[in-house]
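**Student:** I need the structure of the sequence given here:
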Amino acid sequence: LDPAAPNGSRIAMQTLKKGASFFSERLTRGRSTSEALSTPGGTESRQAGQKAFVSNCSSQEAHCRKLLVHQEAVAGVVDRYLSAMLFAFEDLAVAHEQLLTGLQQAADLVDLQWLHHVEALAAGLREGAEENRQAMQGIIQDLQLLRGKHKEAVRLASEAEVAASRRSHYEVKVERLRQEVQKAREGLGTAALAPERASSSGILSKSLNQRRTNNYDLKQGQLCRNEEKLTRMTEVQREAHAASLRSLLVCVTFGRQKLQHLVEQILRSCIDGLLPSIHAKHSWAQQKAPPPRSDGYGTGGAKGRQRTLEDATEDGTLNVGDIVSVQGLNSQAHYNGENGTVKTIRPDNRIEVELVLDGVPGAEGTGENNKILAVKPENLRRVCPAQLPSQCSGLLVQGAEALVLEDWDPRNVRSHEDSDDTLADGRRASVC
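**Tutor:** Numbering: from 1, shown residues only. As a prediction, this is how the structure comes out:
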């Protein structure tokens, strides 16, 4: 928080206000009930509490209290950063564990090498998350202990404020009682203050003097009791202020040095230790279970697992509607690997296959992304549907929710007719 940097003063003030929010509320609660009730809530309350926290005390003590608020703000910044880093590592581990659970039920949709790699990566991240949390446990405890001392200093300051308020109350009360006692003394007769002098007044005069004497004795007794309370409260206030000052000085001297050390530990542990450990766990998983090659070919490559192919001539038949893959074309090799549907089996033993292509216009120039080819049976391979794993109920539920199948009702689907029945059958098939 360098005030000389751009916007440094504004950022420093914002940080100071955030750090003072807790102390402001604690100080407000520690003051008199009527003042606490009359203080508005929200930002105004925190600002008023912050201002009250650094006022009504000496300039040196006010400076120390500002240092305390500043320390708590910085401690909160590094505490939140440390927690966020640990939770980020934990979230990475949880994310890969959930990914592993899903991939284990993905069947042919994922390469087995990816499955093994994610499993190793999830195990490594989980181990790293536990290691980092254990390594940071001592730092976390020290930081929480230091912030607890900050709060204790505010609690003692609040008690000192309450004691000072009570002392002021008794000082005002004693001063008022002294004035009332002096006034009552002036109204007494001479016989009340000089018993050796006999009174020669009448009965009514004696009764009036007696009431004045009783009133004087009552006020004098109240004054004596409240002077004793003032003496005790002065001692309590002196002890409370001394305890508050001791705690405050410890926080802004030894506590500040401790916070400097903790900030250094947290930044070094997170930036130089925790972040590189994520890369280390990734490298370890790469060595233990490398992922498939990025080109998609080779043993276990994803391209070889996209579909399961069978020779279309094994049983000697293909049926209309079968899904096939085109293989081994020479004249139009760019269609090799494309999928299509068997439309017609012609008498010359060629099979008309309707291909669905991206960005290829139709045979008649209609702009539709399909093409009909007349292919020899030996250039076709049947695409067999993948088998669902035995345990994939969780994924099926997620898929049904994503497709909003709970709202699907075939009875509410409006039937429609093909607007151009001759479009599919009237095309001329390209012979390959």
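
**Student:** Can you spell out which helices and strands pack onto the strand or helix carrying residue 242?
**Tutor:** Residue 242 belongs to helix 203-252 when assigned by DSSP states H and E. In this structure, helix 203-252 packs against helix 59-103, helix 112-186, helix 190-193, with contacts taken as 3 or more Cβ pairs under 8 Å, 6 or more residues apart in numbering; DSSP states H and E. From N, CA and C alone the C-beta is placed, and that goes for glycine too.

**Student:** Just tell me which of those helices ends up closest to residue 286.
**Tutor:** Of all these, the one in closest proximity to residue 286, counting by Cβ to Cβ, is helix 112-186 (7.6 Å).

**Student:** which helices and strands does the closest one pack with?
**Tutor:** Helix 112-186 packs on helix 8-30, helix 59-103, helix 203-252, helix 254-267, helix 275-288, going by 3+ Cβ pairs under 8 Å, 6+ apart.

**Student:** where does the protein have its least confident helix or strand?
**Tutor:** helix 33-38 (a mean of 39; mean pLDDT, DSSP states H and E).

**Student:** if I look at the residue sitting nearest the centre point of the chain, how far off is residue 91?
**Tutor:** The central residue of the chain, meaning the one whose C-alpha is nearest the mean C-alpha position (Cα atoms, centre = their mean), is residue 84 at 7.4 Å. Between residue 84 and residue 91 the distance is 10 Å, computed by Cβ to Cβ, to the nearest Å.

**Student:** so where's the stretch 301-432 of the chain shaky on pLDDT?
**Tutor:** In the predicted model, the stretch 301-432 of the chain carries pLDDT under 70 at residues 301-316, 358-369, 410-430, 432.

**Student:** Going by residue numbers, what spans are helices in it?
**Tutor:** Using DSSP state H, counting those that start in this stretch, the helices assigned to the stretch 301-432 of the chain run over residues 393-402, 422-425.

**Student:** Can I get those in CSV including mean neighbour count?
**Tutor:** Formatted as CSV, the entries for those read as follows, by neighbours: other Cβ atoms under 10 Å:
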stretch, mean neighbour count
helix 393-402, 11
helix 422-425, 11
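
**Student:** can you list those helices in JSON lines and add distance to residue 225?
**Tutor:** Written out in JSON lines, the entries for the helices of the stretch 301-432 of the chain read as follows (distance: least, Cβ to Cβ, whole Å):
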{"stretch": "helix 393-402", "distance to residue 225": "76"}
{"stretch": "helix 422-425", "distance to residue 225": "109"}
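
**Student:** per-residue pLDDT, residue 273?
**Tutor:** Among the per-residue scores, residue 273 holds a pLDDT of 92.

**Student:** List phi and psi for it.
**Tutor:** According to degrees, to the nearest 10, the main-chain angles of residue 273 amount to phi -120, psi -60.

**Student:** What is the burial count for residue 65?
**Tutor:** Residue 65 is flanked by 25 other residues according to other Cβ atoms under 10 Å.

**Student:** So for it, what pLDDT did the model give?
**Tutor:** At residue 65 the predicted local distance difference test score is 90.

**Student:** Any idea which of the helices and strands packed on helix 203-252 gets closest to residue 247?
**Tutor:** Each of those was scored for nearness to residue 247 using Cβ to Cβ, and the closest is helix 112-186 (4.3 Å).

**Student:** Please list all residues in contact with the closest residue to residue 220 other than its chain neighbours.
**Tutor:** With sequence-adjacent residues excluded and distances taken as Cβ to Cβ, 6 or more residues apart in numbering, residue 220 is closest to residue 181, at 5.5 Å. Residue 181 sits next to 216, 219-220, 223 when contact means Cβ atoms under 8 Å, 6 or more residues apart in numbering.

**Student:** if you set the cut-off to 10 Å instead, what comes out?
**Tutor:** Residue 181 sits next to 215-224 when contact means Cβ atoms under 10 Å, 6 or more residues apart in numbering.

**Student:** Report the buried members of those.
**Tutor:** Buried members of these, scored by 16 or more other Cβ atoms under 10 Å, are 215-216, 219, 222-223.

**Student:** could these go into JSON lines alongside distance to residue 188?
**Tutor:** Formatted as JSON lines, the entries for the buried ones among the contacts of residue 181 read as follows, by distance: Cβ to Cβ, whole Å:
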{"residue": "215", "distance to residue 188": "9"}
{"residue": "216", "distance to residue 188": "6"}
{"residue": "219", "distance to residue 188": "11"}
{"residue": "222", "distance to residue 188": "17"}
{"residue": "223", "distance to residue 188": "15"}
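
**Student:** which one of these sits closest to residue 400?
**Tutor:** The nearest member of the buried ones among the contacts of residue 181 to residue 400, counting by Cβ to Cβ, is residue 222 at 82.5 Å.

**Student:** For burial, what's the neighbour tally of the nearest residue to that closest one once chain neighbours are set aside?
**Tutor:** The spatial neighbour of residue 222 that comes closest, neighbours along the chain excluded (Cβ to Cβ, 6+ apart), is residue 177 at 5.5 Å. Each residue near residue 177 was counted by other Cβ under 10 Å, and the total is 19.

**Student:** gap between residue 177 and residue 229?
**Tutor:** Spatial separation of residue 177 from residue 229 under the definition Cβ to Cβ is 11 Å.

**Student:** what about the helices of the stretch 301-432 of the chain, which gets the closest to residue 287?
**Tutor:** Of all the helices of the stretch 301-432 of the chain, it is helix 393-402 that lies closest to residue 287, at 30.0 Å by Cβ to Cβ.

**Student:** from the contacts of residue 181, which is closest to residue 107?
**Tutor:** For the contacts of residue 181, the minimum distance to residue 107 (Cβ to Cβ) is 91.8 Å, reached by residue 222.
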